[in-house]
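Trainee: A predicted structure for the sequence below; I have some questions about it.
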Amino acid sequence: MKNRKRFFILIIVGILFWQCSASRHLASSTTIRIKGSDTMIILAELWAEEYMKANPGISVYAEGGGTATGIEALIKGDIDICTASRPVNPSEARRLVERQGYLGISFLVAKDALSIYLHPQNPVRNLTMTQVREIFTGTITSWKEAGGNDAEIVLFSRSPNSGTYLYFQEHVLEEQPYSPTIKTMPGTEAITQAVAENPNAIGYGGIAYGQNLVHCKINGVAPTEQNVRNDSYPTSRYLYFYTIKEPSGNVKKFIDWVQSKDGQAAVKKIGYVPLREVR
């Protein structure tokens with residue numbers, strides 16, 4: 001009798017375990033987890049919102065935290081898609097292979113202009129790339145040296161875990177260290193708020209942010225959609241999705257949608273540059 005009772009208990013436990021496993025599998029197949037670039041968070045949230053409206057059975061969760069944070073989550077297998085404002089570096093790719101057995105797959109999803117933000121009261125409207133470099137490395141410390149007022153320049157930057165921080169250091173500062181006086185901010189929104197509060201401030205970030213600020217010309221070229229699309233703006237760049245391996249199922253459908261006309265319309269709506277012209 002005891003053996004029979006134990007047998008039925010085992011059956012019940014087995015059924016419950018199977019049901020839980022099936023539920024987890026169902027949840028994972030209808031849930032898409034995205035994490036990474038703070039530059040892209042407003043875009044990722046809009047993609048998630050619009051995709052869920054069109055696909056009621058799918059849940060899409062988007063988080064920021066920085067490109068490096070997103071890549072780390074991808075390496076651990078905690079997310080389906082990493083958003084990134086820079087390419088994965090060799091060290092990250094090696095760790096992904098060691099942990100997951102795959103090199104990773106990249107997808108171009110939008111273009112961006114790495115804008116230089118200025119306060120509207122700042123008379124400066126154009127800087128050369130050399131001036132931008134010298135300002136952010138601390139060689140130029142007064143706006144008077146860049147054609148502006150006789151006032152000390154106040155610098156704002158992204159944090160080191162940001163893909164934008166690394167991209168700016170590599171492509172604009174030419175690997176030189178940032179000025180020791182620079183103030184590090186947690187996200188692009190924080191930078192634009194700080195610049196909006198100080199006429200002598202300067203910061204950088206995605207073109208979709210800081211619509212109330214001056215997006216300074218670089219070498220006489222403005223960060224417009226046309227100039228970003230034809231790469232005449234000096235700091236035009238791509239924005240990326242990364243997955244561990246070739247996506248399938250709902251993750252693939254979502255990425256396909258992001259690269260489609262509807263997904264690229266969301267790119268234009270948020271203020272970034274679509275991969276192709278969207279009317």
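Mentor: Cool, got the structure.
Trainee: From here on, just use CA atoms for contacts and neighbour counts.
Mentor: Noted.
Trainee: how about the CA coordinates for the helix or strand harbouring residue 239, as CSV?
Mentor: Residue 239 is part of strand 236-243 when elements are defined by DSSP states H and E. Output in CSV follows, covering the C-alpha atoms of strand 236-243 (Å, rounded to 0.1, in the frame of the first residue of the first chain):
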residue,chain,number,x,y,z
SER,A,236,27.8,58.8,-38.6
ARG,A,237,27.5,55.2,-37.3
TYR,A,238,25.4,52.1,-37.4
LEU,A,239,23.3,50.8,-34.5
TYR,A,240,23.2,47.0,-34.1
PHE,A,241,21.3,44.0,-32.8
TYR,A,242,23.4,41.0,-31.6
THR,A,243,22.2,37.4,-31.0
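Trainee: Show residues contacting it.
Mentor: Here strand 236-243 makes contact (Cα atoms under 8 Å, 6 or more residues apart in numbering) with 40, 74, 80-87, 104-114, 228.
Trainee: and if we set it to 7 Å?
Mentor: Residues from elsewhere that reach strand 236-243 (Cα atoms under 7 Å, 6 or more residues apart in numbering): 80-86, 104-114, 228.
Trainee: And it, what's buried?
Mentor: Residues of strand 236-243 classed as buried by neighbour count (16 or more other Cα atoms under 10 Å): 236, 237, 238, 239, 240, 241, 242, 243.
Trainee: Mean pLDDT per helix and strand in this structure: which one sits at the bottom?
Mentor: Every helix and strand in the chain was compared by mean pLDDT, DSSP states H and E; the lowest is helix 2-29, with a mean of 40.
Trainee: for the helix or strand following it, the distance to its chain's centre please.
Mentor: Downstream of helix 2-29, the first helix or strand assigned by DSSP H and E is strand 31-36. Put simply, strand 31-36 sits 13 Å off its chain's centre (Cα atoms, centre = their mean, to the nearest Å).
Trainee: in a helix, that's where residue 42 is, yeah?
Mentor: Yes - assessed by DSSP: H, G, I helix; E, B strand; the rest coil, residue 42 belongs to a helix.
Trainee: coming back round to it: pull out the buried residues from the contacts of strand 236-243.
Mentor: Neighbour-count burial (16+ other Cα under 10 Å) applied to these gives 80-86, 104, 106, 109-114, 228.
Trainee: between these, which is nearest residue 150?
Mentor: Proximity of the buried ones among the contacts of strand 236-243 to residue 150, judged by Cα to Cα, is greatest for residue 114, which lies at 26.4 Å.
Trainee: immediately after the strand holding residue 239, which helix or strand?
Mentor: Next helix or strand after strand 236-243 toward the C-terminus (DSSP H and E): helix 249-258.
Trainee: got the buried residues for the helix or strand just after that next one?
Mentor: On the C-terminal side of helix 249-258, the closest following helix or strand by DSSP H and E is helix 261-270. Neighbour-count burial for helix 261-270, counted by 16+ other Cα under 10 Å, picks out 261, 263, 264, 265, 266, 267, 268, 270.
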